[in-house]
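Novice: sequence? don't have it. structure:
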């Protein structure tokens, strides 16, 4: 079945360590997105990419980095520069040029110890 | 800048009853899209319903329907015959009709947590 796969589902890291969250989609979607979700704050956009080898910062890109080397993959690295990385991270994709419906993965919960 | 407001942080409904979730938005654009997404306890977001601003007819999807009031900038979601599986967080979202740059971003409300009582 087509969909978006995020891994790992749960991740623990020590302060000062970088961690990479995986997002893979087999929907043949052009655009991919990373959101951060915190209680009471809804969804905030970290980075998005509309085409391979190109990506743009969202509203809260500081302390994060991404790459888009393949259409199917959009990994997110949470660097040690991110001051408060403990959160729930959601990856999504959409077809370029459509009404913008997003398809989401199941999310990754990152906890910094 | 566009904003989306969900004024009800929490709502509850009895099973089989009808509930309406509110959403208002602010925009100066005439071409845009509005969405309701559901996030169940599993936390995977799912699209519930979509409305194109140029369409006067309210969108419906089975037990879910919207009341789209363009002049009032209101986009409420009605859930009929509520089921236990409807219990979730519901998010209202806005997207500009323009394709350039950041106009492709969704603007999200803070969500309404819906409890369904048996």
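Specialist: Received, thanks. Bear in mind the structure is a predicted one, so any value in this text is a computation, not a measurement.

Novice: give me the beta-bridge partners of the most centrally placed residue in chain A?
Specialist: Note on chain A: the residue nearest the mean C-alpha position is residue A:34, at 2.9 Å, using C-alpha atoms, centre = their mean. For residue A:34, the beta-bridge partners under DSSP bridges are residue A:47, residue A:91.

Novice: tell me the contacts of it?
Specialist: By C-beta atoms under 8 Å, 6 or more residues apart in numbering or on different chains, the contact list for residue A:34 reads A:21, A:23, A:45-48, A:58, A:64, A:66, A:74, A:76, A:89-92. The way it works is simple: take the backbone N, C-alpha and C, and place the C-beta from them, glycine included.

Novice: what's the answer for residue B:59, then?
Specialist: Listed by C-beta under 8 Å, 6+ apart, the contact set of residue B:59 reads B:49-51, B:65-66, B:68.

Novice: Need the pLDDT of it.
Specialist: pLDDT recorded at residue B:59 is 94.

Novice: ok, now the one 5 residues further on?
Specialist: As predicted, residue B:64 sits at a pLDDT of 98.

Novice: Could you check how many residues crowd around residue B:18?
Specialist: When neighbours are defined as other C-beta atoms under 10 Å in any protein chain shown, residue B:18 has 12 of them.

Novice: Sorry, wrong one. I was asking about residue A:88.
Specialist: Residue A:88 has 15 neighbouring residues, counting by other C-beta under 10 Å.

Novice: How is it assigned, secondary-structure-wise?
Specialist: Applying DSSP: H, G, I helix; E, B strand; the rest coil to residue A:88 yields a three-state assignment of strand.

Novice: follow-up on the earlier one: out of the contacts of residue B:59, the closest to chain A would be?
Specialist: residue B:50 (6.2 Å; C-beta to the nearest C-beta).

Novice: residue contacts, the residue lying closest to the closest one once chain neighbours are set aside?
Specialist: Take residue B:50 and drop its neighbours on the chain: the residue closest to it by C-beta to C-beta, 6 or more residues apart in numbering or on different chains is residue B:35, 5.2 Å away. Contacts for residue B:35 (C-beta under 8 Å, 6+ apart) come out as A:100-101, B:47-51, B:92-95, B:106.

Novice: Low-confidence stretches in chain A?
Specialist: Under the criterion of pLDDT under 70, the regions of chain A flagged as low confidence span A:1, A:97-100.

Novice: so what secondary structure elements neighbour the host helix or strand of residue A:43?
Specialist: Secondary structure from DSSP states H and E places residue A:43 in strand A:42-51. Taking 3 or more C-beta pairs under 8 Å, 6 or more residues apart in numbering or on different chains; DSSP states H and E as the contact definition, the neighbouring helices and strands of strand A:42-51 are strand A:31-38, strand A:54-57, strand A:64-66, strand B:106-108.

Novice: can you list contacts of it?
Specialist: With C-beta under 8 Å, 6+ apart as the criterion, strand A:42-51 contacts A:30-38, A:55-61, A:64, A:66, A:68, A:74, A:76, A:89-90, A:96, B:91, B:104-106, B:108-111.

Novice: now do 6 Å
Specialist: Contacts of strand A:42-51 with the rest of the structure, by C-beta atoms under 6 Å, 6 or more residues apart in numbering or on different chains, involve A:31-37, A:55-56, A:58-61, A:64, A:66, A:68, A:74, A:96, B:105, B:108, B:110-111.

Novice: which parts of that strand are buried?
Specialist: Of all the residues in strand A:42-51, those buried under the rule 16 or more other C-beta atoms under 10 Å in any protein chain shown are A:42-43, A:45-50.
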